[in-house]
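**Student:** Sharing a sequence plus its predicted fold:
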Amino acid sequence: MLSEIVNRRSIRAYLPQPVSRKAIETVLQAGALAPSAKNRQPWRFTVALAKKKAEALAAMAQGLEEERRRPLLPESARHLGGAVQTLAIMKQAPVVIFVTNPLGQDPRQTLNTDERVSELCNAQSLGACLENMTLQATALGLGSLWICNTYFAYDALREWIGGPGALAAAMALGYAAGNPPPRPRKPLEELAEWRE
């Protein structure tokens, strides 16, 4: 598993080669096996392929345009261009997986303390799920991109996905067009404090 951790990259360019259903299911199963707080397993997967992927990305494009005109996230407007770039990446990938938290709240909702703790626990569980998915994709020779800036098109994507809960993230999946170099990491000496 260490080799998958070392070799995993955030892939932003994909080949048009399709991904087998079995490979996609293997990636989903890896996500479903992640640990979760109180074993709540706060994830559901919507796999978008071909025409349905085009529909989802059209909804996202519409949501990004709406955000540009009437921002729900005015303090994050400087990041909207990154979301537009992410949409272009998603269009290249043969597979886009939307991950929703069926237990989640609308991110604009005010939460009481218990709800906030639950959301934090679910967010950590979802992070483990998505990390498992990226590592499994790497093990299968696939590239992936863990996408969080779908929040700019939150309402449009939630409407397209349907069902209960909150949109947590998306993942682009496919065969990488190239192998980007690793990004710099902080040395462990800066990250760890030892207390004995």
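**Tutor:** Received, thanks. Numbers count the residues shown, from 1 in each chain.

**Student:** Does residue 4 touch residue 138 like I think?
**Tutor:** Yes - in this structure, residue 4 sits in contact with residue 138. The criterion is C-beta atoms under 8 Å, and the distance is 4.5 Å. All C-beta atoms are positioned from the backbone trio N, CA, C, and that covers glycine.

**Student:** what about the two, which has more around it?
**Tutor:** Taking residue 4 and residue 138 together and counting by other C-beta atoms under 10 Å, residue 138 has the greater number of neighbours (22 against 14).

**Student:** I'd say that one and residue 7 touch.
**Tutor:** Yes - using C-beta under 8 Å, residue 138 makes contact with residue 7 at a distance of 5.7 Å.

**Student:** got a pLDDT number for residue 142?
**Tutor:** With respect to pLDDT, residue 142 has a value of 98.

**Student:** So, low pLDDT: which residues of the protein?
**Tutor:** Low-confidence segments of the chain (pLDDT under 70): 1.

**Student:** what's the single longest helix in it?
**Tutor:** Taking DSSP state H as the criterion, the chain has its longest helix at helix 113-139.

**Student:** Remind me what that one packs against, helices and strands.
**Tutor:** Contact partners of helix 113-139 among helices and strands, from 3 or more C-beta pairs under 8 Å, 6 or more residues apart in numbering; DSSP states H and E: helix 2-7, helix 21-32, strand 95-101, strand 143-147, strand 166-174.

**Student:** mind listing what the helix or strand following the longest one pairs with, with the direction of each?
**Tutor:** In this case it means helix 21-32. For helix 21-32, the following helix or strand on the C-terminal side (DSSP states H and E) is strand 44-49. Take DSSP bridges as the rule and strand 44-49 pairs in its sheet with strand 95-101 (antiparallel).

**Student:** quick check: angle from the partner strand to strand 166-174?
**Tutor:** Here strand 95-101 runs at 160 degrees with respect to strand 166-174, directions being taken by axes from the mean of the first three to the mean of the last three C-alpha atoms, to 10 degrees.

**Student:** Okay, buried residues for the longest helix of the chain please.
**Tutor:** Of the residues in helix 113-139, those buried by neighbour count under the rule 16 or more other C-beta atoms under 10 Å are 118-119, 121-122, 125-126, 128-139.
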